[in-house]
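**Q** have a look; sequence and predicted model below, questions after that.
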Amino acid sequence: QVQRVDSGGGGSVQAGGAVRLSCAASGRTFSPYAMGWFRQAPGKEREFVAFIVWSGGDAYYGAPAKGRFTIAVDNAKNTGYLQMNNLQPEDTAVYYCAFGSGGTSFASYDSWGLGTQVTVSS
(Lines give C-alpha, C1' and ligand atoms only; values in the text may rest on other atoms or scores of the structure.)
Protein backbone atom coordinates (compact mmCIF):
# COMPACT_ATOMS: atom_id res chain seq x y z
CA GLN A 1 0.00 0.00 0.00
CA VAL A 2 1.28 3.44 -0.94
CA GLN A 3 1.14 5.74 2.07
CA ARG A 4 2.71 8.90 0.79
CA VAL A 5 2.95 10.38 -2.67
CA ASP A 6 5.16 13.39 -3.35
CA SER A 7 5.03 15.01 -6.75
CA GLY A 8 7.06 17.87 -8.10
CA GLY A 9 8.86 19.40 -11.04
CA GLY A 10 6.16 21.73 -12.25
CA GLY A 11 6.69 25.35 -13.15
CA SER A 12 6.32 27.91 -15.89
CA VAL A 13 7.60 27.39 -19.41
CA GLN A 14 7.13 28.96 -22.81
CA ALA A 15 5.32 27.21 -25.61
CA GLY A 16 7.53 24.59 -27.19
CA GLY A 17 9.42 24.02 -23.95
CA ALA A 18 9.74 20.93 -21.80
CA VAL A 19 9.14 19.96 -18.19
CA ARG A 20 9.78 16.74 -16.30
CA LEU A 21 7.47 15.88 -13.44
CA SER A 22 8.40 13.42 -10.73
CA CYS A 23 6.31 11.28 -8.41
CA ALA A 24 7.92 9.63 -5.39
CA ALA A 25 6.02 7.10 -3.35
CA SER A 26 6.64 5.36 -0.06
CA GLY A 27 4.91 2.89 2.18
CA ARG A 28 5.54 -0.10 4.37
CA THR A 29 4.55 -2.51 1.62
CA PHE A 30 5.07 -0.50 -1.52
CA SER A 31 3.72 -2.61 -4.37
CA PRO A 32 1.43 -0.65 -6.67
CA TYR A 33 0.29 -2.14 -9.94
CA ALA A 34 0.42 1.10 -11.86
CA MET A 35 1.20 4.80 -11.71
CA GLY A 36 -0.92 7.28 -13.55
CA TRP A 37 -0.85 10.98 -14.37
CA PHE A 38 -3.92 13.13 -14.65
CA ARG A 39 -4.35 16.85 -15.13
CA GLN A 40 -7.00 19.41 -14.35
CA ALA A 41 -7.25 22.85 -15.90
CA PRO A 42 -9.35 25.62 -14.34
CA GLY A 43 -13.02 25.04 -14.97
CA LYS A 44 -12.44 21.64 -16.55
CA GLU A 45 -12.77 18.05 -15.41
CA ARG A 46 -9.78 15.95 -14.44
CA GLU A 47 -8.27 14.45 -17.58
CA PHE A 48 -6.27 11.27 -18.06
CA VAL A 49 -2.72 11.81 -19.31
CA ALA A 50 -0.86 8.49 -19.08
CA PHE A 51 -0.27 5.41 -16.96
CA ILE A 52 2.46 2.83 -16.69
CA VAL A 53 2.64 -0.62 -15.19
CA TRP A 54 5.01 -0.20 -12.30
CA SER A 55 6.97 -3.43 -12.71
CA GLY A 56 6.80 -4.16 -16.39
CA GLY A 57 6.92 -0.74 -17.95
CA ASP A 58 3.95 -1.10 -20.32
CA ALA A 59 2.55 2.37 -20.85
CA TYR A 60 -0.63 3.89 -22.23
CA TYR A 61 -1.17 7.50 -23.22
CA GLY A 62 -4.20 9.69 -23.50
CA ALA A 63 -4.79 11.76 -26.59
CA PRO A 64 -3.15 14.96 -25.26
CA ALA A 65 0.05 13.07 -24.42
CA LYS A 66 0.62 10.94 -27.48
CA GLY A 67 3.78 11.84 -29.32
CA ARG A 68 4.83 14.51 -26.83
CA PHE A 69 4.89 12.99 -23.33
CA THR A 70 6.79 10.00 -21.99
CA ILE A 71 5.99 8.21 -18.74
CA ALA A 72 8.69 6.19 -17.00
CA VAL A 73 9.59 4.59 -13.67
CA ASP A 74 12.74 4.09 -11.66
CA ASN A 75 11.93 1.14 -9.43
CA ALA A 76 15.13 1.49 -7.45
CA LYS A 77 14.06 4.99 -6.38
CA ASN A 78 10.34 4.24 -6.11
CA THR A 79 9.87 7.23 -8.37
CA GLY A 80 7.94 7.79 -11.55
CA TYR A 81 8.34 10.53 -14.12
CA LEU A 82 6.41 12.31 -16.81
CA GLN A 83 8.57 13.97 -19.43
CA MET A 84 6.57 16.55 -21.32
CA ASN A 85 7.95 18.02 -24.52
CA ASN A 86 6.64 20.60 -26.98
CA LEU A 87 4.31 22.02 -24.35
CA GLN A 88 1.48 24.26 -25.49
CA PRO A 89 -0.71 26.76 -23.59
CA GLU A 90 -3.54 24.20 -23.54
CA ASP A 91 -1.31 21.96 -21.43
CA THR A 92 -1.57 24.45 -18.56
CA ALA A 93 -3.05 22.57 -15.62
CA VAL A 94 -2.40 21.05 -12.24
CA TYR A 95 -0.85 17.65 -12.82
CA TYR A 96 -1.58 14.83 -10.41
CA CYS A 97 0.18 11.51 -10.05
CA ALA A 98 -1.54 8.55 -8.52
CA PHE A 99 -1.04 4.86 -7.76
CA GLY A 100 -3.58 2.14 -8.19
CA SER A 101 -4.80 -0.57 -10.52
CA GLY A 102 -4.17 1.38 -13.70
CA GLY A 103 -6.42 2.46 -16.53
CA THR A 104 -7.79 5.77 -17.68
CA SER A 105 -10.30 6.41 -14.91
CA PHE A 106 -9.27 8.32 -11.82
CA ALA A 107 -11.52 5.99 -9.83
CA SER A 108 -8.96 3.22 -10.39
CA TYR A 109 -6.34 5.03 -8.32
CA ASP A 110 -6.41 5.24 -4.55
CA SER A 111 -3.20 7.08 -3.59
CA TRP A 112 -2.81 10.59 -4.93
CA GLY A 113 -0.22 13.33 -4.79
CA LEU A 114 -1.23 16.91 -4.05
CA GLY A 115 -0.60 18.05 -7.60
CA THR A 116 1.95 20.26 -9.25
CA GLN A 117 1.19 23.31 -11.40
CA VAL A 118 2.43 23.53 -14.96
CA THR A 119 1.90 26.83 -16.75
CA VAL A 120 2.70 27.26 -20.43
CA SER A 121 2.79 30.74 -21.90
CA SER A 122 2.50 31.57 -25.58
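**A** Looks like it came in fine.
**Q** alpha carbons only for contacts and neighbour counts from here, please
**A** Noted.
**Q** what pLDDT does the spatially closest residue to Asp6 that is not a sequence neighbour get?
**A** Among residues not flanking Asp6 along the chain, Ala24 sits closest, at 5.1 Å (Cα to Cα, 6 or more residues apart in numbering). As predicted, Ala24 sits at a pLDDT of 91.
**Q** how about the secondary structure of Ala24?
**A** strand (DSSP: H, G, I helix; E, B strand; the rest coil).
**Q** can you pull the contacts of it?
**A** Counting by Cα atoms under 8 Å, 6 or more residues apart in numbering, Ala24 touches 5-7, 77-80.
**Q** got a quick ChimeraX command for the buried subset of the residues you listed?
**A** Typed into ChimeraX, the line below selects the buried ones among the contacts of Ala24, using 16 or more other Cα atoms under 10 Å:
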select :5,6,7,79,80
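**Q** picking that back up, mind checking how far the residue nearest to Asp6 is from Asn86?
**A** Noted for Ala24: a distance of 24 Å to Asn86, by Cα to Cα, to the nearest Å.
**Q** do Ala34 as well
**A** Per Cα to Cα, Ala34 is found 25 Å from Asn86.
**Q** repeat that for Ser122.
**A** 12 Å.
**Q** in this structure Ala59 contacts Val73, no?
**A** No. The criterion here is Cα atoms under 8 Å, and Ala59 misses it with Val73 at 10.3 Å.
**Q** so between these two, which is more surrounded?
**A** Neighbour totals were compared for Ala59 and Val73, and Val73 leads with 22 against 18 (other Cα atoms under 10 Å).
**Q** tell me what the nearest residue to the more buried one once chain neighbours are set aside is bridged to.
**A** Spatial nearest neighbour of Val73, chain neighbours left out: Gly80 (4.2 Å); criterion: Cα to Cα, 6+ apart. Applying DSSP bridges to Gly80 gives these bridge partners: Cys23, Val73.
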